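J.: could you look at this predicted model? Sequence included:
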Amino acid sequence: MSDVLNQLAQVLEERKQADPDSSYVASLHAKGLNKILEKVGEECTETLLAAKDAEHSGDTRDVIYETADLWFHSMVMLSRLGLGPGEVIDELARRFDLSGLEEKASRNK
Ligand SMILES: N=c1c2ncn([C@@H]3O[C@H](COP(=O)(O)OP(=O)(O)OP(=O)(O)O)[C@@H](O)[C@H]3O)c2ncn1[C@@H]1O[C@H](COP(=O)(O)O)[C@@H](O)[C@H]1O
């Protein structure tokens, strides 16, 4: 599963040097961090609206579609900051077997 994330991360790195007229990712970089963050926020809102609709309709296809848009734009944000999915997966792995409540308490120490 994370192979796809790693492969996508590699493509995103390559696209930093690409022509903004032929690459969506390059066009986001050309517009700057604020545009990338705007897209993350937009996709976040679209994801939660799709989830609210799915709760009533039972149709989850849009939730998957919008979450993919959200993950994709989050990865562009990470790439912009010199980060990749590896760092996020490592953090999730670190939290593995740690109760969410314990983890929260450890943040306040
Ligand atoms: N996974 C994605 C991906 N998911 C979503 N998108 C694009 O994200 C955009 C989503 O924005 P919106 O739905 O808001 O549409 P929009 O109206 O075009 O956006 P705005 O003009 O409002 O900014 C669309 O243009 C989608 O095509 C993606 N674009 C690229 N990828 C991956 O990134 C790779 C590199 O893409 P390029 O840089 O275009 O070569 C591709 O091969 C894919 O693997």
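T.: Received, thanks.

J.: and the pLDDT at Arg107?
T.: Note on Arg107: pLDDT of 78.

J.: which helix or which strand is home to the residue nearest to Thr60 when sequence neighbours are not counted?
T.: Nearest non-adjacent residue to Thr60, counting by CB to CB, 6 or more residues apart in numbering: Ala54, 4.8 Å away. Bear in mind the C-beta positions are built from the backbone N, C-alpha and C, glycine included. Element membership for Ala54 (DSSP states H and E) is helix 33-57.

J.: I'd assumed Asp3 was in contact with Pro85.
T.: No - counting by CB atoms under 8 Å, Asp3 is not a contact partner of Pro85; they are 10.5 Å apart.

J.: who has more neighbours out of the two?
T.: The residue with more neighbours, out of Pro85 and Asp3, is Pro85; 19 against 7, by other CB atoms under 10 Å.

J.: please report how far the nearest residue to the more buried one once chain neighbours are set aside lies from Lys35.
T.: Of all residues not flanking Pro85 in the chain, Leu5 sits nearest, at 4.1 Å (CB to CB, 6+ apart). Distance, Leu5 to Lys35, by CB to CB, to the nearest Å: 22 Å.

J.: more neighbours: the two, which one.
T.: Leu5 (16 against 13).

J.: for the more buried one, what are its contacts?
T.: Applying CB atoms under 8 Å, 6 or more residues apart in numbering, we find Leu5 in contact with 75, 85, 89.

J.: so is the helix or strand hosting Asn6 next to the ligand?
T.: Asn6 belongs to helix 2-15 when elements are defined using DSSP H and E. Yes - contact of helix 2-15 with the ligand (CB under 6 Å from any ligand atom) involves 8, 11, 15.

J.: drop anything exposed from those.
T.: Buried residues within those, defined by neighbour count using 16 or more other CB atoms under 10 Å: 8, 15.

J.: can you redo the residues of helix 2-15 next to the ligand as a markdown table with pLDDT?
T.: Formatted as a markdown table, these follow (pLDDT from 0 to 100):
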| residue | pLDDT |
| --- | --- |
| Leu8 | 98 |
| Val11 | 98 |
| Arg15 | 98 |
